[in-house]
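>>> the following comprises the amino acid sequence and a computationally predicted model.
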Amino acid sequence: MSSDFYELGENYVKKLVSEGTRLDGRGFKEFREIKIETGVVEKAEGSARVTIGNTQVLVGVKMSLGDPYPDTPNEGVLIVNTELVPVASPTFEPGPPDENAIEISRVVDRGIRESKCIELEGLGVGEKVWIINVDIHVLDHDGNLIDASALGAIAALLDAKIPKYDENEEKILYGEPDRKLPVKDVPVAITIGKISGKLLVDTSLKEEAALEARLTVTTNSNGEIVAMQKGGKGAFTPEEIKEAVSISIEKGKEIRKLLGG
Amino acid sequence: MESKLLVKDKQIVIPGEDLAVGYDFLPGRGTFRTGESIRSKVLGQVRLKEKLVNVISLSGVYIPKPGDGVIGVVDDVQTTFWVININSPYKGILLLSEAVKEFVEVSKTDIARYFDIGELIYTKVINVTKSKIVTLSMMDPRAKKLRGGRIVTIIPSRVPRLIGKKGSMIEMIKEKTGCQIVVGQNGVVWLKGEREDLATKAILEVEKESYTSGLTERIARLLEEG
Amino acid sequence: MKAGAPEKLIIDGKRLDGRGIEEMREIEARIGVLKRADGSAFFRFGNTRALAAVYGPRQLHPKYLQDPKKALIRCKYNMAPFSSYERIRPGVSRRSIEISKILTEALSQVVFVEEFPRAAIDVFVEIIQADASTRCAALNAAALALADAGIPMKDLVSSCAAGKVDGEIILDVAGLEDNYGEVDMPVAMTPRDENIVLLQIDGILTKEEFEKALDLARKGCKKVYEAQKAALKEKYIEVDEDE
């Protein structure tokens, strides 16, 4: 329900966390149930639906041919876009992506790009290269949108197939897959929230009302850090940051298993 | 033409569904008459009261009615009134004269000293105009400020089930959990006590299963098992 | 016929996807699919998938839009970027604005708007995948989401398309028929009283063909209604928990 009464929970959330518990009884390092389904949109080259508790994100990968960057003429181009569509929350409005949507896109983009998980080299077709559009569509907002979006993005990329290209007709044959998109690493983003001075993973929407600060750490399959983003108006101590990194590496490993990585 | 009832008591019906034909039956809550038919306006459960056909909606937001006791949060403080969020598309207005018994010299007082932004109150709806301007009052023996505790929101149309016949359901939950509980007709429930978790669980279970039978026994069991 | 078109779309009374002339694609309808929204629903015609969410009645901003006599219904239709083979650029288009308008008007027919003066009832529809009849699927999902949100309504709205392909009047245009057929005719009606609340045609029809198409669409809407009815009742099937 779209009740404004959510904000009343803020102090209650803080009190619970300071006492060592959470609203839904989870441990501080415990995720809600995660479900990943791929191939859910047949017309997309790759797709995934990820749910973390009641949070639901749908990601589609669409491929088209376009111009490469001048300095990398034979490399494919990755574009990540996030739409916080108004079905997902009473506070989301139709219109161009706002700062929250853009932050999600950029954090997810950095994780994919810096882990070099997609073999972009060799994705050229003549003068053109494959443009890989990763569109994140947030459908139901119950917190932790960054982790759900990042997970959906990598799951959709792992599912993606490059379509056939008809050189004579100069036409992409959508719906006729040629080969798998080469993806060789599995970056996983884990966001750690700070509430009442404690560190928690997978914050729900109600918990996020009480969030002081958050840190997203994206790790690769080797357990190395590939990207980070600190958000929220509060701050972390260096010790908290170190602990957050350890938690991210540990949780990243667990979640990577769900993707068979 | 002979009047005929087309549904059974407690049946689930959908908007536009025929409930009865003929003029021996009367359209009650959640229904409308079109020609000879009485139809449902909402997705809900049929409740028959002799010739009166009602449908209790299974979902929906709270629309204020005079006489309702509601839980609200102070949204704004003005010079002579407060704006109260009552979990509805319509905010409630609480006038100074309906809130404070003593004489207040408005030009010299910040009325936030009585009710401040963010504070929680149990209040009475005293008037609702045609265009849904809602006025509230604290001049009721049960009206009060609610301090501490926690809030659970449920679907407002399911509140009667949470209260139960003559308060049987809510009294049972209070007794078995030892919690203080205040139920607003607007679906906002305030509770405070050692066993808030158990009380919350019971309240949410009543909400979820409100349209089923044998609910009281199931909730009693849930409370026993703790 | 345009380049790339198959020679025939109907062979021996069978369509390219194996359906008969008056046969609809598989329908799927569910309510309560989203948790945050006040009401939600999913509706599918074959590969066309629509997701609808209702927020409201809620306070209407900006205030000058408030009507002291009734609620304002606002339906917004949007296609996900990955819903089609050619990626859809995010944001509004002339097409989505027009569809949003006609969907809003169709839904306004059935809601008891006078019960919620000054309020807004927002209906958002996301097309997850498009394979013709997206506005029909959108409307079917939207009507279900309104009912799921507990909004008082005179009736549901049920919608499907008829069309003309290879000279034949058919039900539920889909796939290549959408690209190469002659006529697409989306229709929506209130299933109980059969008030037509949406009707569009692009293509040429004789009066006789139009009447036949309308009749076929009426039958299709009945089928859609049955699926909608089942979806609404399914959520509240009484579970027998006595042990």
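Sure thing, it's come through.

>>> when you work out contacts or count neighbours from here on, use the C-alpha atoms and nothing else.
Fine.

>>> next up, the contacts around the residue nearest in space to the middle of chain A.
Most central in chain A under C-alpha atoms, centre = their mean is A:Ala150, positioned 1.4 Å from the mean C-alpha point. If you count contacts by C-alpha atoms under 8 Å, 6 or more residues apart in numbering or on different chains, A:Ala150 has them with A:108, A:111, A:188-189.

>>> and if you look at B:Thr123?
Residues near B:Thr123 by C-alpha under 8 Å, 6+ apart: B:69-72, B:136-138, B:140, B:142-144.

>>> secondary structure class for the residue in the stretch 151-261 of chain A that chain B sits nearest to?
Per C-alpha to the nearest C-alpha, the residue of the stretch 151-261 of chain A with the smallest distance to chain B is A:Lys206, at 12.2 Å. Classification of A:Lys206 using DSSP: H, G, I helix; E, B strand; the rest coil returns helix.

>>> okay, now the unreliable bits of chain C?
C:1-4, C:238-243 (pLDDT under 70).

>>> can you list contacts of stretch C:74-83?
A:41, A:43-44, A:60-62, A:135, A:137, C:87-92, C:96-97, C:99-101, C:103-104, C:120-130, C:138.

>>> take the residues you listed and keep only those in strands.
Judged by DSSP state E, strands contain the following of the contacts of stretch C:74-83: A:60-62, A:135, A:137, C:120-129.

>>> and which of those residues is nearest chain B?
C:Ala120 (8.5 Å).

>>> residues contacting that closest one?
C:56-60, C:66, C:71-74.

>>> between all of those, which two are at the greatest distance?
Between any two of those, the greatest separation by C-alpha to C-alpha is 13.9 Å, found for C:Gly56 and C:Gln66.

>>> of these two, who's got more company?
Neighbour count, other C-alpha atoms under 10 Å in any protein chain shown: between C:Gly56 and C:Gln66, C:Gly56 has more, with 29 against 17.

>>> run through who's touching the longest helix belonging to chain B.
Counting residues, the longest helix in chain B under DSSP state H turns out to be helix B:196-208. Helix B:196-208 is contacted from outside by B:150, B:152, B:154-155, B:158-159, B:161-162, B:173-174, B:177, B:179, B:191, B:215, B:219, B:222-223, B:226, using C-alpha under 8 Å, 6+ apart.

>>> which elements pack onto the next helix or strand after that helix?
Beyond helix B:196-208 in the direction of the C-terminus, DSSP states H and E gives the next helix or strand as helix B:215-225. Applying 3 or more C-alpha pairs under 8 Å, 6 or more residues apart in numbering or on different chains; DSSP states H and E, we find helix B:215-225 packed against helix B:168-177, helix B:196-208.

>>> can you mark which positions in helix B:215-225 are buried?
Under the neighbour-count criterion of 16 or more other C-alpha atoms under 10 Å in any protein chain shown, helix B:215-225 has B:215-216, B:218-220, B:223 buried.

>>> pick out the most distant pair among the residues you listed.
Greatest spacing in the buried residues of helix B:215-225, by C-alpha to C-alpha: B:Leu215 and B:Leu223 (12.3 Å).

>>> between those two, what contacts are shared?
By C-alpha under 8 Å, 6+ apart, B:Leu215 and B:Leu223 have no common neighbours.

>>> mind checking pLDDT for the nearest residue to A:Ala160 once chain neighbours are set aside?
Once flanking residues are discounted, A:Ala160 sits nearest to A:Gly46: 3.7 Å by C-alpha to C-alpha, 6 or more residues apart in numbering or on different chains. The model reports A:Gly46 with a pLDDT of 98.

>>> over to B:Ser210?
90.

>>> tell me if I'm right that it and B:Arg161 touch.
Yes - contact between B:Ser210 and B:Arg161 holds when scored by C-alpha atoms under 8 Å: they sit 6.1 Å apart.

>>> circling back: relative to chain A, which of the buried residues of helix B:215-225 is nearest.
Using C-alpha to the nearest C-alpha, B:Leu223 is the member of the buried residues of helix B:215-225 that lies nearest chain A, at 18.1 Å.

>>> can you pull the buried residues of the longest helix belonging to chain C?
Longest helix in chain C, counting residues (DSSP H): helix C:207-234. For helix C:207-234, the neighbour count (16+ other C-alpha under 10 Å) marks C:209-210, C:212-214, C:216-218, C:220-225, C:227-229, C:231-233 as buried.

>>> same check on stretch A:120-136?
For stretch A:120-136, burial by neighbour count (16+ other C-alpha under 10 Å) applies to A:120, A:123-124, A:128-136.

>>> helices of the chain, start to end?
Assuming you mean chain A. Assigned by DSSP H, the helices in chain A fall at A:9-18, A:99-114, A:145-159, A:205-208, A:238-258.

>>> try again with chain C
Taking DSSP H, the helices of chain C run over residues C:94-108, C:134-148, C:176-180, C:207-234.

>>> where's the residue nearest in space to the middle of chain C relative to chain B, distance?
Central residue of chain C (C-alpha atoms, centre = their mean): C:Cys136, 2.4 Å from the mean position. Using C-alpha to the nearest C-alpha, to the nearest Å, we find C:Cys136 at a distance of 19 Å from chain B.

>>> tally of neighbours for B:Val77?
B:Val77 is flanked by 17 other residues according to other C-alpha under 10 Å.

>>> from what I can see it touches B:Arg113, true?
No - counting by C-alpha under 8 Å, B:Val77 does not reach B:Arg113; the two are 10.0 Å apart.

>>> chain C versus the residue lying closest to A:Ile36 once chain neighbours are set aside, what's the distance?
Nearest in space to A:Ile36, with sequence neighbours left out and distances taken as C-alpha to C-alpha, 6+ apart, is A:Val50 at 4.7 Å. Using C-alpha to the nearest C-alpha, A:Val50 is found at 13 Å from chain C.

>>> what is A:Val50 paired to in the beta sheet?
Counting by DSSP bridges, A:Val50 forms beta bridges with A:Ile36, A:Val57.

>>> give me the neighbour count for it.
The criterion is other C-alpha under 10 Å. On that basis, A:Val50 has 26 neighbouring residues.

>>> just A:Asp142 next, same as before
Using other C-alpha under 10 Å, A:Asp142 is surrounded by 22 other residues.

>>> try C:Leu34
If we define neighbours as other C-alpha under 10 Å, then C:Leu34 has 25 of them.

>>> can you list the residues of the stretch 51-200 of chain A near chain C?
Neighbours of chain C within the stretch 51-200 of chain A, by C-alpha under 8 Å from any C-alpha of the partner chain: A:54, A:60-62, A:86-90, A:95-96, A:135, A:137, A:139-142, A:174-175.

>>> cutoff 10 Å now
Contacts of the stretch 51-200 of chain A with chain C, taken as C-alpha under 10 Å from any C-alpha of the partner chain, map to A:54-56, A:58-64, A:81-83, A:85-90, A:93-97, A:133-137, A:139-142, A:172-175.

>>> who touches the closest residue to B:Thr135 other than its chain neighbours in this structure?
Spatial nearest neighbour of B:Thr135, chain neighbours left out: B:Ile93 (4.7 Å); criterion: C-alpha to C-alpha, 6+ apart. Contacts for B:Ile93 (C-alpha atoms under 10 Å, 6 or more residues apart in numbering or on different chains) come out as B:74, B:76, B:81-86, B:125, B:127, B:133-137.

>>> for residue 40, give me the pLDDT.
Going with chain A. For A:Val40, pLDDT reads 97.

>>> ah, no, chain B please
Predicted confidence (pLDDT) at B:Ser40: the value is 98.

>>> next up, phi/psi of the residue nearest the centre of chain B, please.
Residue closest to the average C-alpha location in chain B (C-alpha atoms, centre = their mean): B:Gln185, at 1.8 Å. Taking degrees, to the nearest 10, you get phi -60, psi -20 for the backbone angles of B:Gln185.

>>> ok, it to A:Ala153 distance?
Using C-alpha to C-alpha, to the nearest Å, one obtains 44 Å as the distance from B:Gln185 to A:Ala153.

>>> mind checking pLDDT for A:Ser2?
For A:Ser2, the pLDDT comes out at 40.
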